[in-house]
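Peer 1: sharing a sequence plus its predicted fold:
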Amino acid sequence: MDDRIVKSITRLVIPFIQLYGIFIILHGHITPGGGFSGGTLIGTSLILYTLVFGLLPSKKKFSHRMSQIAESGGIVIYVGIGLIGLFLSGQFLTNLDAGFPIGEPGELFSAGMIPLLMITIGIKVASTMVSLFHLLIEGDLDADHPGIR
Amino acid sequence: MQIIQAFVDHINFIGAVALFLIGLHTVVTKKNLIKRIMGLNIMGTSIFLFLVAIGNVTGGVPPILQQDPNVNYINPIPSVLILTGIVVVVSMTVYSLSLTIKIYEMYGTINQDELTHLIREEEIHD
Amino acid sequence: MINQLPIINMLIFLATALIIPLLSKRTFKITLIFGFIMLLCVVTSSFFLIFHIAEHGAILYQFGGHDSKIGIEFKVDLMAAIIGLFVVGLTTIIYIYSCGDETEGVEQKEYGRYYILLFIILFAILGIIYTNDLFNAYVFMEIISITTCSIISIKRKKETYAASFRYVMLNEIGSLSYLFGVALIYMVTGYTNIDWVSQSIQSIWQLYSINIIIALGFMIVGIGIKAAIFPFHIWLPDAHASAPSSSSAILSSIIVKVYIVVLIKLLFKVFKLDILNHFHVSTILVIVAATGMIMGSIFAIAQKDIKRMLGYSSISQIGYIVMGIAMFSSLGLASAMFHIISHGLMKAALFLSVGIVIYKKKIKKKNDFEGLAYEMPITMSVFTIAALGMIGIPLTSGFMSKLTLGMASLDHRQGYLIIIVVLSGLLNVIYYLPIIISSFLKSEPNTYHPFKIEKVPWPMLTSVILLGIGILTFGIFPNLIMNMITQAAELFGLI
């Protein structure tokens, strides 16, 4: 869109949306939310960027290669954390018996491996949302909607 | 009078079943493809409403740890089931929407009757 | 260490699906060989699992060490191990076939995508066979549904999209129905783990009989839509008509059977025989299965396209399997499991040989098979062996499964079902035999040119020959697997 007000307000608001999303991801073991909702928030902020500034600048910021790394890397790290439990104590995805620190219930650094898993899930969900939106929008490029270039 | 009392007591469950049937009716009878995808979403949401209504405890607080030892928490397990269910329904919706875009590119219509008509014409040509 | 084998199998498939995109820069052969080695590793580990479980009993595996009341549990018993080996073995053979399938619609730069989807499907199939938790089965069921839909519509042609849209709609209605049943069961018992649910249902079902009958109904309808049982079979022929041959083989031989395994687990481990006999489930399932057997064959006779005909034939064979389950006896269950394996082999052989014919000759109607056996002898002889197996001629494995089904129905004073089995076999003759006969005869008797035997790529030929040998082996020596299947069926505690 060409409107100057929309562009400047978006430039101001997007960091706050992303910060809120990171807050929800990191507090997944204390408050409701967790990886899925937080990842959706971060993905939505990047979709807002695409809608306001156009498809090409957004593809430069979040290219296909980066989404490949984010999605595969997310699952690999998740499985890797699970395998730590397999080697140390006997079952896949073991939390406390595998030696992850528990801390105090209610604090930020507690509950073993759950914050780490939430981070990987958040990255993966955000990358999925953005790459799917780019894929769906691409077909519309030339013909009907000159607004989103 | 007792029927009305029973109806009001179980309003959540009745609402969930009614939404499930509305969603099913939409998928089966509407002709537009996007309305059918919306019907599937309504069906999914109705099951999540049903699960939440099961886990509710009268006078309970959200299941976040508090310092007061005498408080009743509502059941947290249905929330976990719903979280997974939402992800599944969203991924299915995304897949169906991308199929709808492809169908529109190929055939030029998203009405089921016209689609059947066009497909049958092509089969006759083959 | 051997207790970790189920989860290691699943992780091998997931890792393969993740590593294939990284190999896309090299030549494609490296990807094929890598996938094949991983499949062979899982086949060997499944063999070890079967022998270990036959001696020592089921493996119970709790994720994360959490107690089974609140956590997810995998229970690998003998039936799960046998079906797991069958799935992985048959997929290896179809994988060998798809290595040689160069031009049937799958374009060059999209090769990697087909195999990524295939390995994710295998990961989810092993998950749904091993799991002991009803909600976990729903999650894997959805993974299988979306990836199967992608693997069918991987050719970018016009008619695949409308067929796969209908497929997605119907399968999603099925999954959501199953989820509603799980929610109702959770409402009654408060658990989702199969062992705990069955224990609490057995004691309280008199009080909550309305909830339980509604849950049973929703779950049977949901699984029935996905397993293509008769009144819910509408999506299967359309899905076959436009798919590449290896995906049709995977869909009709493996994926549909996996949902029948879920149905077996549901009927006989969650709702045991008291509840099922009280609600007359046996009668309903027998009627549905018998109708499916006859109507499937009647629809198949009317088809012109050969893949749709094979799709309708699948529907009638699935009726056999459901009839075996509906007898509620251990011999019936054993015959259902044997028919799962033997129908898988036969239907895969039929689809793969038709795929070779389509690849070389580009024909799709069943009337155009005239004289083909002189040009493609090996393909048409495997087609003949598989078709004779579907009809039920002795020396093939189809005959053994029909024999066991007949013995099971006589055992339980339901002898009238034998008439339906024989009638359906005769209906099968009507649409298979003309193809076989017309391919072995040629209408011009006075031609002397030597017929050129068509050159078919060697992976395709090897896979159909392996399937043909498998069908004959299980027909002549059924005791190779029948002993183990009977032992597995007796563990369910039916009479």
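Peer 2: On my side now, so go ahead.

Peer 1: now check stretch C:35-46, is it near chain A?
Peer 2: No: remark: stretch C:35-46 sits outside contact range of chain A, by Cβ under 8 Å from any Cβ of the partner chain, the gap being at least 15.1 Å. Backbone N, C-alpha and C define where each C-beta goes, glycine included.

Peer 1: give me the number of residues near the residue of chain C found nearest chain A?
Peer 2: Closest approach between chain C and chain A, counting by Cβ to the nearest Cβ: C:Gly64, at 4.5 Å. Neighbour count for C:Gly64, taken as other Cβ atoms under 10 Å in any protein chain shown: 19.

Peer 1: isn't it right up against A:Gln91?
Peer 2: Yes: counting by Cβ atoms under 8 Å, A:Gln91 is a contact partner of C:Gly64 at 6.1 Å.

Peer 1: quickly list what's touching both of the two.
Peer 2: Taking Cβ atoms under 8 Å, 6 or more residues apart in numbering or on different chains as the criterion, C:Gly64 and A:Gln91 both touch A:Gly85.

Peer 1: host element of residue 12?
Peer 2: Chain wasn't specified; assuming chain A. Per DSSP states H and E: A:Leu12 is located in helix A:4-26.

Peer 1: wrong one, I was asking about chain C
Peer 2: Assigned by DSSP H and E, C:Ile12 belongs to helix C:5-19.

Peer 1: close to chain A, is that helix?
Peer 2: Yes: using Cβ under 8 Å from any Cβ, helix C:5-19 reaches chain A at C:Ile7, C:Leu11, C:Leu14, C:Ala15, C:Leu18.

Peer 1: out of those residues, which is most surrounded?
Peer 2: Highest neighbour count within these: C:Ile7, with 22 neighbours (other Cβ under 10 Å).

Peer 1: so where is the chain shaky, pLDDT-wise?
Peer 2: Because you didn't say which chain, this covers chain A. By pLDDT under 70, the weakly predicted segments of chain A are A:1-2, A:139-149.

Peer 1: ah, no, chain C please
Peer 2: In the predicted model of chain C, residues C:101-111, C:442-454, C:495 satisfy pLDDT under 70.

Peer 1: how about the residues of it by chain B?
Peer 2: Chain C has residues C:70, C:135, C:138-139, C:142, C:145-146, C:149-150, C:153, C:158-159, C:161-162, C:164-165, C:168-169, C:172-173, C:176, C:179-180, C:183, C:186-187, C:192 near chain B, with proximity defined as Cβ under 8 Å from any Cβ.

Peer 1: can you pull the phi and psi angles for the spatially most central residue of chain B?
Peer 2: Using Cα atoms, centre = their mean, the residue of chain B that lies closest to the mean C-alpha position is B:Gly44, 2.3 Å off. Phi and psi for B:Gly44, reported as degrees, to the nearest 10, are phi -60, psi -40.

Peer 1: which residues touch it?
Peer 2: For B:Gly44, the contacting residues are B:Gly23, B:Gly85, B:Ile86, B:Val89, C:Leu176, by Cβ under 8 Å, 6+ apart.

Peer 1: of these, which are in range of chain A?
Peer 2: B:Ile86.

Peer 1: return the subset of the contacts of B:Gly44 lying in strands.
Peer 2: Using DSSP state E, no member of those falls within strands.

Peer 1: about what we covered before: run the chain-centre distance for the helix or strand just after the helix holding C:Ile12.
Peer 2: Remark: after helix C:5-19, the chain's next helix or strand is helix C:28-56, criterion DSSP H and E. The chain centroid and the centroid of helix C:28-56 are separated by 19 Å under Cα atoms, centre = their mean, to the nearest Å.

Peer 1: again with stretch A:41-48
Peer 2: That offset, for stretch A:41-48, works out to 9 Å (Cα atoms, centre = their mean).

Peer 1: show me what contacts C:Ile30?
Peer 2: By Cβ under 8 Å, 6+ apart, C:Ile30 lies in contact with C:Leu23.

Peer 1: from C:Ile358, how far out is it?
Peer 2: Noted for C:Ile30: a distance of 28 Å to C:Ile358, by Cβ to Cβ, to the nearest Å.

Peer 1: also A:Gly21?
Peer 2: Per Cβ to Cβ, A:Gly21 is found 50 Å from C:Ile358.

Peer 1: which of these two has more residues huddled nearby?
Peer 2: In this view A:Gly21 and C:Ile358 are compared by other Cβ under 10 Å, and A:Gly21 has more residues nearby, 22 against 16.

Peer 1: which helix or strand contains the closest residue to that one other than its chain neighbours?
Peer 2: Spatial nearest neighbour of A:Gly21, chain neighbours left out: A:Leu41 (3.4 Å); criterion: Cβ to Cβ, 6 or more residues apart in numbering or on different chains. Per DSSP H and E: A:Leu41 is located in helix A:35-53.

Peer 1: let me know the angle separating the helix holding C:Ile12 from helix C:28-56.
Peer 2: With axes from the mean of the first three to the mean of the last three Cα atoms, to 10 degrees defining the directions, helix C:5-19 sits at 170 degrees from helix C:28-56.

Peer 1: now do helix C:5-19: which elements does it pack against?
Peer 2: Here helix C:5-19 touches helix A:64-88, helix C:28-56, strand C:59-62, strand C:73-76, helix C:111-130, going by 3 or more Cβ pairs under 8 Å, 6 or more residues apart in numbering or on different chains; DSSP states H and E.

Peer 1: quick one: is the longest helix along chain B near chain C?
Peer 2: Longest helix in chain B by number of residues, with DSSP state H as the criterion: helix B:77-107. Yes: for helix B:77-107 and chain C, the contact criterion (Cβ under 8 Å from any Cβ) is met by B:77-78, B:81, B:84-85, B:88, B:91-92, B:95-96, B:99-100, B:102-103, B:106-107.

Peer 1: just the buried ones from those, in ChimeraX syntax?
Peer 2: A single ChimeraX command selects the buried members of the residues of helix B:77-107 next to chain C (16 or more other Cβ atoms under 10 Å in any protein chain shown):
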select /B:77,78,81,85,88,92,95,96,99,100,102,103,106,107
